[in-house]
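# Okay, structure incoming, though there's no sequence with it:
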């Protein structure tokens, strides 16, 4: 199953970005991990290291392993338009990410678990594949039996984020994908052009 199980704070500190959500460890120690702390001499990174780091950051952010990510890039490169933007759009249209964006779960990890445990429907049918591609017009909702789940109700109650490409119906506990997000709409701090350059070598 494609997911990272290790320490999240260590990864967030490595990229100096709260990619898994708010992180107190990152706030306390905003330098990279390692036993030598902030005094460790860190040499200038090569161009390849910077590009690789950006790819790793995107993979950890969306919870995708190497082969899946390479397949997504291959698909993005064959689509019309800008490859880097296509790649992020494909990542955003994954079912687990859509569940997270709708506020049904506060984290992508939690969203992935809800999907895998058959709590999520697409167009009225239960789908338990986190990488399922959500298309414009698809309706993603919470399964009827799962609408009273404490994890779901708590997440929806505390959710304040809205996204222009998703239309949420609180009474039905479902949201519709109304458009493909443009790069400006996607809030992730990812330099997708560096990923394109890495794969183009």
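Yep, that arrived. As the structure is a prediction and not an experimental result, all values here were calculated from the model.

# What segments of this protein are helices?
Secondary structure of the chain (DSSP state H): helices at 8-15, 24-28, 47-62, 66-78, 83-92, 95-101, 108-116, 150-158, 192-199.

# For residue 179, give me its contacts.
Applying Cβ atoms under 8 Å, 6 or more residues apart in numbering, we find residue 179 in contact with 136, 164, 165. No exception for glycine: its C-beta is placed from N, CA and C like everyone else's.

# Is it possible to get a markdown table of the helices of the chain that adds mean pLDDT?
Shown next, in a markdown table, are these (pLDDT from 0 to 100):
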| stretch | mean pLDDT |
| --- | --- |
| helix 8-15 | 62 |
| helix 24-28 | 54 |
| helix 47-62 | 90 |
| helix 66-78 | 95 |
| helix 83-92 | 96 |
| helix 95-101 | 96 |
| helix 108-116 | 93 |
| helix 150-158 | 94 |
| helix 192-199 | 94 |
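
# and of those helices, who's closest to residue 183?
helix 83-92 (4.7 Å; Cβ to Cβ).

# list the helices and strands the closest one packs on?
Contacts defined by 3 or more Cβ pairs under 8 Å, 6 or more residues apart in numbering; DSSP states H and E place helix 83-92 against helix 47-62, helix 66-78, helix 95-101, helix 192-199.

# could you redo the last one with a cut-off of 7 Å?
Here helix 83-92 touches helix 66-78, helix 192-199, going by 3 or more Cβ pairs under 7 Å, 6 or more residues apart in numbering; DSSP states H and E.

# any idea of the angle it forms with helix 47-62?
30 degrees (axes from the mean of the first three to the mean of the last three Cα atoms, to 10 degrees).

# chain center to helix 83-92, what's the gap?
How far helix 83-92 lies from its chain's middle: 11 Å, per Cα atoms, centre = their mean, to the nearest Å.

# what sits up against that helix?
62, 72-73, 75-77, 79, 97, 180-181, 183, 186, 190, 192-193, 195-196 (Cβ atoms under 7 Å, 6 or more residues apart in numbering).

# Tell me the spacing between residue 134 and residue 77.
21 Å (Cβ to Cβ, to the nearest Å).

# Counting neighbours, go ahead and name the busier of these two.
residue 134 (24 against 14; other Cβ atoms under 10 Å).

# contacting residues around the more buried one?
Residue 134 touches 93, 95, 98, 122, 140, 177, counting by Cβ under 7 Å, 6+ apart.

# Show the buried residues in the contacts of residue 179.
With burial judged by 16 or more other Cβ atoms under 10 Å, the buried subset of the contacts of residue 179 is residue 165.

# and which of the contacts of residue 179 is nearest to residue 49?
Residue 49 lies nearest to residue 165 out of the contacts of residue 179, by Cβ to Cβ, at 33.3 Å.

# these two touch, right, the closest one and residue 182?
No - if you go by Cβ atoms under 7 Å, residue 165 and residue 182 don't touch, sitting 8.4 Å apart.

# From the centroid of the protein, which residue is nearest?
Central residue of the chain (Cα atoms, centre = their mean): residue 62, 3.0 Å from the mean position.
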